[in-house]
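In: Would you be able to build a 3D model of this:
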Amino acid sequence: ELFFGGPDGIIHFFHDDIIENPHAPPVVLTSFSKFNRQVQLTSPIWILENLNLTYQDRVFAFEFSALDFSDPKKNRYQYKLDGFDQSWAEVASDRRIATYTNLDAGSYVFRVKAANNDGVWNEEGTSIRIAITPPWWDTVWFNLLSLFIFLLLALAVLKYIQKLRFEVKERKTAENALRESKSLLTSFTQALPDISFIFDEEGKYIKVFATQTELLVADPERMEGSNLSDMLPAETASKLLNVIQQTISTNLPTTFDYQLETRSGKRWFQGRTSPMKTKIDGKHAVVWISFDITNRKKSEEKVRQLSQFQESIIDNANIWLNVLDENSNVVIWNKAAEKISGYSREEVIGGNEIFLWTYPDENYRNEITQKAAEIMEGDEVRDFETIITCKDGSRKTISWYSRNVHDDNHKSIGSIALGIDITERKQAENALIN
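Out: Model prediction:
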């Protein structure tokens, strides 16, 4: 038995009468604040199970307390925000507040538990679910609208490119037909091309013919009798002289494109050299026929730039995009489709096996194929959700927007599909429901 003296007398007790506090303290949320100002909610914070916030609530905090008053200064607390914190944060009784800033839109669960003065923890604690809505420009409907506008733009660009390619092809066909119809000297005299020359083996202008003298570098009279090096820059003259000498040494025609600074400005030409059977002044000679292809080059450059623009748009879209031809073979497969599915464009382009890979279950594949066919009778599918199997075996939920593509005769020539990975959203919705 222990005895202690004090101002009020003697205190005595047995050592075995000293026991620890076994009470696991209940813990409750006592207040909620935004931007360091307490907020009055529709119900007391300690009875709420769900709390809805917006992206504008960038700074918010919870205050909490343990309902154990044996020695409240020694109470301890641990809190954690599921979906953000990786581990529990522990604080003393003088710091009973948890503050969070700049959280991404999504679903979270704030949990807090407490221990009494003897370190007995209430492991269950208390919790509240938090849903943070995104800004309007980061919502699914806005992304779909943006994709729809992008799709219309891509289709317009595609048709314009096809038109330019057709014009270039028609011009090339006309030029080939014109060149093939010319025979040696008879054709040369009957229908002269834009400009024509006869050169000897040393690059001397023997004869100059021109239906459009503005395509020459100088007057025909001045050019005849001069060498290439007298009329053209050294580098250009050297290249053209090599073509002449190659034509003579191989005894074969040569066709090539080149650019010159003419009297009407820089122009592109397609040249064709043919060896002559007879010599001129004891020297080998060639006939050089040139066609002005400046407009064709400009058209080809526009096609190239537009093609690069189209490919850049398709590849950098952060939404799954694929295009099928009339036989359901994949002809376009962008980077987002590669990232989401795990299948590269080299594996997918040119075939339709991707549908077997991403929907390996035959019954499920037939089910969604039938549903999609029924919906596509209207030429368009919106918000059609399917579950795909990725290359790594994982499963993802995709929301589809698809549209048939028609030619000028309204005949279906394929389809374009846009997919958004909504797996995380679905998981968050299921978590809130459960």
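In: Isn't residue 135 up against residue 57?
Out: No - applying Cβ atoms under 8 Å, one finds residue 135 not in contact with residue 57, separated by 11.9 Å. For glycine as for every other residue, the C-beta is placed from the backbone atoms N, C-alpha and C.
In: Tell me where the model's unsure across the chain.
Out: 1, 13-20, 178-193, 303-317, 372, 374-379, 434 (pLDDT under 70).
In: Which stretches in it count as helices?
Out: 140-181, 185-190, 220-223, 228-231, 234-250, 294-316, 335-341, 345-348, 354-358, 362-375, 423-433 (DSSP state H).
In: who has more neighbours, residue 135 and residue 57?
Out: residue 57 (18 against 11; other Cβ atoms under 10 Å).
In: measure the closest residue to that one other than its chain neighbours to residue 80 for me?
Out: Using Cβ to Cβ, 6 or more residues apart in numbering and skipping residues adjacent in sequence, the residue nearest residue 57 is residue 34, 5.5 Å away. For residue 34, the distance to residue 80 equals 20 Å [Cβ to Cβ, to the nearest Å].
In: Wait, residue 215 touches residue 208, no?
Out: No - if you go by Cβ under 8 Å, residue 215 and residue 208 don't touch, sitting 11.0 Å apart.
In: joint contacts of these two?
Out: With contacts defined as Cβ atoms under 8 Å, 6 or more residues apart in numbering, the residues shared by residue 215 and residue 208 are residue 195.
In: what's stretch 419-434 in contact with?
Out: With Cβ under 8 Å, 6+ apart, stretch 419-434 has contacts from 50, 106-107, 129, 131, 140, 143-144, 319-321, 337, 340, 385, 396-401.
In: List the buried residues in it.
Out: Using 16 or more other Cβ atoms under 10 Å as the burial criterion, the residues of stretch 419-434 that qualify are 419, 420, 421, 422, 423, 428.
In: what's the answer for stretch 82-97, then?
Out: Across stretch 82-97, burial judged by 16+ other Cβ under 10 Å covers 83, 93, 96.
In: Give me the distance between the last one and residue 288.
Out: When Cβ to Cβ is the yardstick, residue 96 and residue 288 sit 93 Å from each other.
In: for the second one, same thing?
Out: Shown here: residue 93 relative to residue 288, a distance of 97 Å by Cβ to Cβ.
In: before we move on, back to that, which among the helices of the chain is found nearest to residue 125?
Out: Judged by Cβ to Cβ, the one of those that comes nearest to residue 125 is helix 423-433, at 18.3 Å.
In: Check the offset of the closest one from the chain's centre.
Out: 26 Å (Cα atoms, centre = their mean, to the nearest Å).
In: same check, this time on stretch 142-150
Out: That offset, for stretch 142-150, works out to 14 Å (Cα atoms, centre = their mean).
In: again, but for stretch 197-209
Out: Centroid displacement of stretch 197-209 relative to its chain, using Cα atoms, centre = their mean, is 54 Å.
In: ok, and for it, which residues are buried?
Out: Residues of stretch 197-209 classed as buried: 197, 198, 199, 200, 201, 203, 204, 205, 206, 208, 209 (neighbour count, 16+ other Cβ under 10 Å).
In: now do stretch 139-152
Out: For stretch 139-152, using 16+ other Cβ under 10 Å, the buried residues are 144, 147, 150, 151.
In: which one is the last one nearest to, not counting chain neighbours?
Out: If the residues on either side of it in the chain are set aside, residue 151 comes closest to residue 416, at 6.5 Å by Cβ to Cβ, 6+ apart.
In: do the second one as well
Out: What sits nearest to residue 147 in space, not counting adjacent residues and going by Cβ to Cβ, 6+ apart, is residue 418, at 5.2 Å.
In: show me what contacts that neighbour?
Out: 144, 147, 151, 319, 320, 321, 400, 401, 402.
In: Surely the fourth one and residue 151 touch.
Out: Looking back up the chat, that one is residue 319. No - if you go by Cβ under 8 Å, residue 319 and residue 151 don't touch, sitting 10.2 Å apart.
In: Tell me how far residue 64 lies from residue 40.
Out: 18 Å.
In: Please say which of the two ends up with more neighbours.
Out: For residue 64 versus residue 40, the count of surrounding residues by other Cβ under 10 Å is larger for residue 64: 23 against 8.
In: if I pick that one, what's in contact with it?
Out: Going by Cβ under 8 Å, 6+ apart, residue 64 touches 27, 28, 29, 30, 77, 79, 96, 97, 98, 112, 114, 126.
In: Quick check: bridge partners of it?
Out: Counting by DSSP bridges, residue 64 is bridged to residue 29.
In: ditto for residue 100
Out: residue 60.
In: re earlier: tell me which of residue 34 and residue 80 has more neighbours.
Out: Using other Cβ under 10 Å, the more surrounded residue of residue 34 and residue 80 is residue 80, with 19 against 14.
In: how near is the residue lying closest to that one once chain neighbours are set aside to residue 76?
Out: Nearest residue to residue 80 in three dimensions, chain neighbours excluded: residue 88, at 4.8 Å (Cβ to Cβ, 6+ apart). Remark: distance between residue 88 and residue 76 (Cβ to Cβ) = 11 Å.
In: what does residue 431 give?
Out: To residue 76, residue 431 is 29 Å away according to Cβ to Cβ.
In: try residue 107
Out: Taking Cβ to Cβ, one finds residue 107 at 28 Å from residue 76.
In: same question, residue 120
Out: As defined by Cβ to Cβ, residue 120 lies at a distance of 10 Å from residue 76.
In: What of residue 380?
Out: 59 Å.
In: Compare these two and say which one has the larger neighbour count.
Out: It is residue 76, of residue 380 and residue 76, that has more neighbours when counted by other Cβ under 10 Å, with 17 against 12.
In: tell me the contacts of the nearest residue to the more buried one once chain neighbours are set aside?
Out: Setting aside the residues directly before and after it, residue 76 is nearest to residue 115 in space (Cβ to Cβ, 6+ apart), at 4.4 Å. Counting by Cβ under 8 Å, 6+ apart, residue 115 touches 25, 66, 75, 76, 77, 121, 122.
In: The fifth one against residue 88, yeah?
Out: No - look at residue 77 against residue 88 with Cβ under 8 Å: they stay out of range, at 9.7 Å.
In: tell me, how many neighbours does residue 393 end up with?
Out: Residue 393 has 7 nearby residues by other Cβ under 10 Å.
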